[in-house]
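Can you look at this prediction? I've put the sequence above it.
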Amino acid sequence: QVQLVESGGGLVQPGGSLRLSCAASGLTFGNYAMGWYRQAPGKERELVAAVSNGGSTYHRDSVKGRFTISRDNAQNTAYLQMSSLKPEDTAVYYCAAGKNQWRNFRFSGLSVDYWGQGTQVTVSS
């Protein structure tokens with residue numbers, strides 16, 4: 001049984017930082033691309049960042065320079081370091097595991113096989 005368990009969400013002031021973690025079990029972690037998605041109220045779920053099984057990364061434009069995705073294959077864990085947080089980053093953040101996706105020979109995300117349960121991130125003063 002595959003499980004993706006997110007942690008690290010919470011309430012933070014604008015300009016603050018958080019680090020999300022996603023602990024994976026029940027799958028061969030090193031074979032999967034990992035991603036972080038988010039969904040704000042009334043909006044569609046969107047891909048925030050992804051890391052391929054080989055270590056290539058993708059970050060959406062609105063988080064470039066502020067968020068960094070990483071993975072530790074020895075710990076079966078993926079991370080999302082978030083800095084300079086803005087109120088518009090407020091959302092439920094979901095961890096996902098799946099297959100690498102490529103566009104024009106560049107890593108562009110993943111096709112999701114498994115989802116975590118989500119963790120709330122609220123950016124507010």
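Thanks, I have it. Numbering: from 1, shown residues only.

tell me the centre residue of this protein?
residue 36 (1.9 Å; Cα atoms, centre = their mean).

Look up how far residue 125 lies from that one.
Here residue 36 is placed at a distance of 24 Å from residue 125 (Cβ to Cβ, to the nearest Å). Heads up, the C-betas are built off the backbone N, CA and C, glycines and all.

coming back round to it: secondary structure element for the residue nearest to the centre of the chain?
strand 33-39 (DSSP states H and E).

Residues touching the next helix or strand after that strand, excluding its own?
Next in sequence after strand 33-39, counting helices and strands by DSSP H and E, comes strand 46-51. By Cβ atoms under 8 Å, 6 or more residues apart in numbering, the list of residues contacting strand 46-51 from outside reads 33-39, 57-60, 63, 67-71, 78, 80, 93, 107-110.

ok, of the residues you listed, which come out buried?
Among the contacts of strand 46-51, those scoring as buried are 33-38, 58-59, 63, 67-69, 71, 78, 80, 93, 107, 109-110 (criterion: 16 or more other Cβ atoms under 10 Å).

now the closest residue to residue 75 other than its chain neighbours: how far from residue 36?
Leaving out its chain neighbours, the residue that sits closest to residue 75 by Cβ to Cβ, 6 or more residues apart in numbering is residue 23, at 7.9 Å. Per Cβ to Cβ, residue 23 is found 14 Å from residue 36.
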